[in-house]
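>>> Give me a 3D structure for the following:
(one chain, ligands or ions: 2)
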Amino acid sequence: VGLRVAIVATGHEVVRGTTPDANSPWLARASTEAGARVTSARVVGDDERDVARAIDDAVAEADAVLVTGGLGPTEDDRTRAALAVVAGVDVAFDAQAWALVEAFFRRAAQEPAPMQRRQATLPRGSTPLPNSQGTAPGVLLRVRGVDVFLLPGPPREMRAVFREEALPRLVATGRLDPTAVRVLWTAGVPESEIARSIEDVMAAPEPVVGTHPDEGEVAVRILARGADAAARGDACVAEIRRRLGAHVVSDVEDVRVQHAVVAALRERRRVVTTAESITGGLVARMLVEVPGSSDVFRGGFVTYSDEWKRDLLGVPAALLESKGAVSAEVAEAMATGALERARCDYAVSTTGVAGPGPDARGAAEGTVFIGWASRDGGRGTLPLRFAVSRIAVQRRAAVRALDLLRRRLLGLPG
Ligand code: ATP
Ligand code: MG
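Ligands and ions are numbered 1, 2, ... in the order given. Here you go, the predicted model:
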């Protein structure tokens, strides 16, 4: 079935974990979305024998192999030599590859150093692949009927050579499956609840459906392959949407809860302000990530101490005293105070205990209250409890604050 692709990432800094491997995940995703079946991704150091063994194993299991790293001009760049060993050929200076190296230098008005000749020394029989982003040409060599692509290690160069040289050749095999990739971003409910609502959909062998928590939101990812992939992907999305209803934030990869909020505010010509304690400005920060946020957000309050909640937002001292800053009452008073002072249509507030440990009044770590108020008199609070560490509590609180605002704006439950 389909075109099997195996991936090999090389480099001692990658195998030792000092450079997180960015290449294999990117290649795995790009290959899958293009319609390949990724069989494995290996990570090895830059020892020639290790690289040769990894390529050899990859050739045994796949129809095409993507190798990254070790194409530079230095002694520790041994991927070309390793490929020659696997193919049982020697390496030789390649005039065509040298022309690519020279051309790259010429564009920068420079001359290649003699050492750069290593980059043009390829396993005999290979095709050099132009690299629009760097000096090292990629390499293509057919080994035991399998196309082995050597791609540069720096991610930007790797992506360019994959897109411009490797991918068109994979497409030309005619063996890539029709593939449809879809995503639904959700907010406001834990992954377990999302998964429970779509349990049967996830259990079906096709399309492949998975839930992936990411920074307080949960992505539902759909992968449909084979005939009618697009239609089956869309039908699956429609079914999941029907089940998840108000929890769905978007069906576009880069549209997250803050984008949905800004879009909803802009459509309605409404303006929001923020009153943040536990999130320390993160809600405001997330809003201003979105292009066009200046239409709907002029500023917010960061009121971390009781005094600032009192002095800037007018939260009554007696309320802070009797209920504590981490309380539904104070969350609501922060939102109403901000709403009046900033003369906005909506205000959203956060207060809580990020931890580690409880606050001075004994409120448990991970306790959060979100408050909101609207100009037409709407008010409310949302009590939450997160069992995660400090930064994650803050991030999730910010996501929930934005999601609460999204639901109020769109008239959705929850
Ligand atoms: P160069 O000409 O820069 O030596 P190269 O093709 O020989 O390129 P490597 O020497 O293996 O590639 O890696 C160069 C740099 O690219 C690494 O130091 C690292 O910063 C980055 N890099 C390599 N492989 C990866 C990877 N799998 N994930 C993320 N970054 C990587
Ligand atoms: Mg190198």
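>>> Show the pLDDT at the residue most central in space within the chain.
In the chain, the centroid-proximal residue (CA atoms, centre = their mean) is Asp214; its distance is 8.1 Å. For Asp214, the model assigns a pLDDT of 95.
>>> What values do phi and psi take at the nearest residue to Glu217 once chain neighbours are set aside?
Excluding the flanking residues, the one nearest Glu217 by CB to CB, 6 or more residues apart in numbering is Ala187, at 4.8 Å. Where C-beta positions appear, they are placed from N, C-alpha and C, glycine not excepted. Backbone geometry at Ala187, expressed as degrees, to the nearest 10, gives phi -140, psi 160.
>>> wait, isn't Ala187 in contact with Asp403?
Yes. In terms of CB atoms under 8 Å, Ala187 counts as a neighbour of Asp403; the distance is 4.1 Å.
>>> And the residue of the stretch 151-300 of the chain closest to ligand 1?
Across the stretch 151-300 of the chain, the shortest distance to ligand 1 (CB to the nearest ligand atom) belongs to Gly153, at 2.3 Å.
>>> related to what we said a few turns ago, please report the distance of the residue nearest to the centre of the chain from Glu253.
Asp214 sits at a distance of 11 Å from Glu253 (criterion: CB to CB, to the nearest Å).
>>> ok so, going back, and the gap between the residue nearest to Glu217 and Val257?
With distances defined as CB to CB, the gap from Ala187 to Val257 amounts to 5 Å.
>>> Give me the common contacts of these two.
Counting by CB atoms under 8 Å, 6 or more residues apart in numbering, the common neighbours of Ala187 and Val257 are 217, 249, 399, 402-403, 406.
>>> Just the ones of the residues you listed in helices?
Secondary structure from DSSP state H places 399, 402-403, 406 of these in helices.
>>> on that earlier part again, of Ala187 and Asp403, which one has the most company?
Of the pair Ala187 and Asp403, Asp403 is the one with more neighbours under other CB atoms under 10 Å, namely 28 against 25.
>>> I'd guessed that one sits against Val249; true?
Yes. Counting by CB under 8 Å, a contact exists between Asp403 and Val249, whose distance comes to 7.4 Å.
>>> shared neighbours, those two?
Taking CB under 8 Å, 6+ apart as the contact criterion, the common neighbours of Asp403 and Val249 are 187, 257.
>>> so what's the nearest residue to Ser327 once chain neighbours are set aside up against?
In space, Ser327 comes closest to Phe369 once its chain neighbours are excluded; the distance is 6.4 Å by CB to CB, 6+ apart. Phe369 makes contact with 326-328, 330-331, 350-352, 381-384, according to CB under 8 Å, 6+ apart.
>>> could you say which helix or strand contains Phe369?
When secondary structure is defined by DSSP states H and E, Phe369 falls within strand 367-374.
>>> Go ahead and measure how far the next helix or strand after that strand is from the middle of the chain.
Note on strand 367-374: by DSSP H and E, the next helix or strand toward the C-terminus is strand 379-385. Taking the mean C-alpha point of strand 379-385 and that of its whole chain, the gap between them comes to 29 Å (CA atoms, centre = their mean, to the nearest Å).
>>> Stretch 334-341 too?
Its chain's C-alpha centre and that of stretch 334-341 lie 35 Å apart, by CA atoms, centre = their mean.
>>> what does stretch 194-204 give?
Distance, stretch centre to chain centre, for stretch 194-204: 23 Å (CA atoms, centre = their mean).
>>> before we move on, what about stretch 177-197?
Going by CA atoms, centre = their mean, the spacing between the C-alpha centre of stretch 177-197 and its chain's C-alpha centre is 14 Å.
>>> Phi and psi next, for the nearest residue to Gln116 once chain neighbours are set aside.
Closest residue to Gln116 apart from its sequence neighbours, by CB to CB, 6+ apart: Pro73 at 5.0 Å. For Pro73, the backbone dihedrals are phi -90, psi 0 (criterion: degrees, to the nearest 10).
>>> is it true that Pro73 touches Gln119?
Yes. With the criterion set as CB under 8 Å, Pro73 and Gln119 qualify as a contacting pair; they are 5.2 Å apart.
>>> any residues in contact with both of those two?
With contacts defined as CB under 8 Å, 6+ apart, the residues adjacent to both Pro73 and Gln119 are 135-136.
>>> quick one: which of the two has more around it?
Summary of the neighbour comparison: Pro73 and Gln119, criterion other CB under 10 Å, with Gln119 having more neighbours (28 against 18).
>>> which residues of the protein score low on pLDDT?
In the prediction, the chain carries no residues with pLDDT under 70.
>>> Please identify the residue of it positioned nearest to ligand 2.
Closest contact between the chain and ligand 2, by CB to the ion, is at Gly72 (2.9 Å).
>>> That residue: neighbouring residues, count only.
A count of nearby residues for Gly72, using other CB under 10 Å, gives 19.
>>> Kindly provide the distance from it to Gln119.
Using CB to CB, we find Gly72 at a distance of 7 Å from Gln119.
>>> Next: Leu405.
When distance is defined by CB to CB, Leu405 is 54 Å away from Gln119.
>>> With Pro152 instead?
Taking CB to CB as the criterion, Pro152 is separated from Gln119 by 10 Å.
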